[in-house]
Every structure is written in C-alpha cells, then in structure tokens.
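K.L.:
Provided below for reference: sequence and predicted model.
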Amino acid sequence: MAMSVSALRETLRIAVLASGRGSNLQTLLDAQRDDACRFRTIGVFSDRAQALALERARIAGVPAIALNPADFATREVFDVALFDAIDAVRPDLVVCAGYLRVLTDAAVQRYAGRIINIHPSLLPLYPGLRTHTRVLADGASVHGASVHYLIPALDAGPVIAQVRVAVHADDTPASLAARVLEREHPLLLRCVEAIAAGRVVQDGSDVIVDSRRRSRPLLLGDDDQLHEPADT
C-alpha cells in the first residue's frame, strides 16, 4: 500500500537500521542540522552492539538500540523483537542503510510502503552480496547504487533512484566500493528528502514520483540532484 502524501507529518520521522560504520546515517544526521530539513532521525537500530553507527547516533542525541541475534531462538523471533522496538518510536519511514541481515517477510510486510534500502549495484543487476567483486569479474564498465522500496523478495522492490559510477581498469573491489559509497551518500539523502516532501510514494510494484507512475528510476546527477533519466 502506498504511503499517502496527506498522511505525512510536517516532519518525516525516520528510523534507521545499520550494521556497520554508519556513513550513510551520518549524511542524514548532518542534513538535519539545517532547520529547513523535513525529516528527523528518531531512532537507530542495529544487530551489532559495536557498530559505529550507534555511536554516531548517540553523539547526535538520537536513541540507539542494539539487539543481539544470538539472544533469540530464530531469525523470525529476532525480527519481531527488532520491529517491536522500531514500532515504539513511531517512525513514518524505516531506512536500511548498511543493514547486513536479510529481513524476514513478516518484518518487511509490517512496514510495506514505508521501508527503503540502499544497495550497492544498479538493480536489478547484482542483487545480494559481493557486488563489487562480481562487477569486476564480469568486466562491467558501469556500476553504481540503488535506493529501492523493500518487498519480501531480496533486492527486488521498486527502485526510486540510482547513481552510476564508472569502473576503472585498475579498480579493486575495495577501490570500487569506496567510490560507490561516496555516491551513495547524496543518493540516499535525496531519496529521503523526496519522500519527506511527499514527492515519492510506493504503489504496489511501482514508484510514484510527483503523481506520475515511473517506468524507470530517477538518476542522481553530478550536481547531486535527482533527474529524469535520458531517453537513450
């Protein structure tokens, strides 16, 4: 079900899921220093107590919660507890920003139309893990990242926007990952801003942008703004 534009609060409340360094989270936190920002991070959640993302949240004064999957009998039980904690902060949107566990179908369905993920590939190419290694192994010339709505199928939800990154002849998985991550930051920020402004919603398997059903994702340009894709 699409998240109605009319149902959005004046300031979008977001909960962030992260497992690692939290550099995408930091981009969102930095944007919130501007009084004109239309979203606020109201909780950061992790499956790793030592995740740097949690420390970034605490420094910013944002509640940070970690649950240990080993403390729960099954993946399903863990996700119920995790999303009960998320429910408690009443988010309008859940943002998966470097969260490294695959969510159960029930968890995704609980926030259907209100949960997005950033993935390091130009979906539908290279879903899953080790995207940079796989791109290099295939000899691809272009790589990138995508922000998409989550559905139960892995990395298969409707894509809001993408950014393209050239692959260099001397790239390693690490060097390519670093360049893609740098472009992930403005991509995720612009997508969250567009959702907060009511410009973007999910409608089933489609993304609606400015009241138009999209057949292709928006593209992040060199100016760090979202643009219509070229016809070619």
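P.N.:
Looks like it arrived, so ask away.
K.L.:
where does the protein have low pLDDT?
P.N.:
In the predicted model of the chain, residues 1-9, 231-232 satisfy pLDDT under 70.
K.L.:
Can you name the next helix or strand after the longest helix seen in the chain?
P.N.:
If you go by DSSP state H, the chain has its longest helix at helix 173-196. Counting by DSSP states H and E, the element after helix 173-196 in chain order, helix or strand, is strand 200-203.
K.L.:
Show me the helices in the protein, by range?
P.N.:
Under DSSP H, the chain gives helices at 23-31, 52-59, 75-88, 105-110, 131-138, 173-196.
K.L.:
just to revisit the earlier point, tell me the buried residues in the longest helix of the chain?
P.N.:
Using 16 or more other Cβ atoms under 10 Å as the test for burial, helix 173-196 gives 176-177, 179-181, 183-196. (Glycine included, C-beta is placed from N, CA and C.)
K.L.:
which residues touch residue 216?
P.N.:
The contact partners of residue 216, taken as Cβ atoms under 8 Å, 6 or more residues apart in numbering, are residue 229.
K.L.:
Grab the nearest non-local neighbour of the most centrally placed residue in the chain.
P.N.:
Geometric centre of the chain, nearest residue: residue 117, 2.9 Å, by Cα atoms, centre = their mean. The shortest distance from residue 117 to any non-neighbouring residue, by Cβ to Cβ, 6 or more residues apart in numbering, is to residue 96 (4.0 Å).
K.L.:
so which of the helices of the chain gets nearest residue 65?
P.N.:
helix 75-88 (5.5 Å; Cβ to Cβ).
K.L.:
ok now that closest one, how far from the chain's centre?
P.N.:
Remark: helix 75-88 is offset 18 Å from the chain centroid, using Cα atoms, centre = their mean, to the nearest Å.
K.L.:
and the closest residue to residue 46 other than its chain neighbours, how many neighbours?
P.N.:
In space, residue 46 comes closest to residue 66 once its chain neighbours are excluded; the distance is 4.7 Å by Cβ to Cβ, 6+ apart. Counted with other Cβ atoms under 10 Å, residues neighbouring residue 66 total 17.
K.L.:
Same check on residue 92?
P.N.:
Quick note: residue 92 (other Cβ under 10 Å) scores 20 neighbours.
K.L.:
if we can go back for a sec, with distance to residue 163 added, can I get the helices of the chain in CSV?
P.N.:
Below are these laid out as CSV (distance: least, Cβ to Cβ, whole Å):
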stretch, distance to residue 163
helix 23-31, 13
helix 52-59, 21
helix 75-88, 27
helix 105-110, 24
helix 131-138, 14
helix 173-196, 5
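K.L.:
out of the ones you listed, which comes closest to residue 122?
P.N.:
Here helix 131-138 is closest among these (Cβ to Cβ), at 9.2 Å.
K.L.:
Name the residues of the closest one that are buried.
P.N.:
Neighbour counts over helix 131-138 (16+ other Cβ under 10 Å) mark 131-132, 134-136 as buried.
K.L.:
quick one on the thing from earlier: need the contact list for the residue nearest to residue 46.
P.N.:
Per Cβ under 8 Å, 6+ apart, neighbours of residue 66: 45-49, 51, 54.
K.L.:
Can you select the buried ones among these for me in ChimeraX?
P.N.:
Here is the ChimeraX selection string for the buried members of the contacts of residue 66, based on 16+ other Cβ under 10 Å:
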select :45,46,47,48,51,54
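K.L.:
Just grab the bridge partners of the residue nearest to the centre of the chain for me.
P.N.:
Beta-bridge partners recorded for residue 117 (DSSP bridges): residue 96, residue 148.
K.L.:
What's the local residue count around residue 204?
P.N.:
Neighbours of residue 204 using other Cβ under 10 Å come to 13.
K.L.:
Nearest to residue 16 among the helices of the chain would be which one?
P.N.:
Residue 16 sits nearest to helix 23-31 of all those, at 5.3 Å, using Cβ to Cβ.
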